[in-house]
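Colleague: give me coordinates for this.
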Amino acid sequence: MLALRPNCECCDKDLPPDSAEARICTFECTFCASCAEGVLKGVCPNCPGNFTPRPIRPTQMLLKYPASTARVHRTSRCA
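Modeller: Got it, this is the predicted structure:
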């Protein structure tokens, strides 16, 4: 199950579970659309994979399976 991480690893922008701006790679590295498409040019800096829009978990399922609250932020530059 996806962790639904709460922020962009690059710019630290909040990405709530229902955000249409969240992008993930196959390892669930999480970035906002602006960073994923602009700064990173569609390539994950952690695993060199591509990005896809993160699915939105239905509200009733969020109650049973809540999103992660653990923030991940890169210490090195994203570009």
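Colleague: can you tell me the closest non-neighbouring residue to the residue nearest in space to the middle of the chain?
Modeller: What sits nearest the mean C-alpha location of the chain, by CA atoms, centre = their mean, is residue 30, with 2.1 Å. Once flanking residues are discounted, residue 30 sits nearest to residue 5: 4.1 Å by CB to CB, 6 or more residues apart in numbering. Backbone N, C-alpha and C define where each C-beta goes, glycine included.
Colleague: over to residue 50?
Modeller: The nearest residue in space to residue 50 (CB to CB, 6+ apart) is residue 42, at 5.9 Å.
Colleague: let me know how buried residue 65 is, in neighbour terms.
Modeller: 11 (other CB atoms under 10 Å).
Colleague: I'd like the numbering to begin with 51 instead of 1 from here.
Modeller: Yep, numbering from 51; the last one is residue 115 now.
Colleague: pretty sure it sits against residue 51.
Modeller: Yes - using CB atoms under 8 Å, residue 115 is in contact with residue 51, at 6.1 Å.
Colleague: ok, which stretches of the protein are strands?
Modeller: 72-74, 80-82, 102-103 (DSSP state E).
Colleague: what's the most buried one of those?
Modeller: Comparing these by mean neighbour count (mean count of other CB atoms under 10 Å), strand 80-82 ranks first with a mean of 27.
Colleague: how far does stretch 80-88 sit from the chain's center?
Modeller: Remark: stretch 80-88 is offset 8 Å from the chain centroid, using CA atoms, centre = their mean, to the nearest Å.
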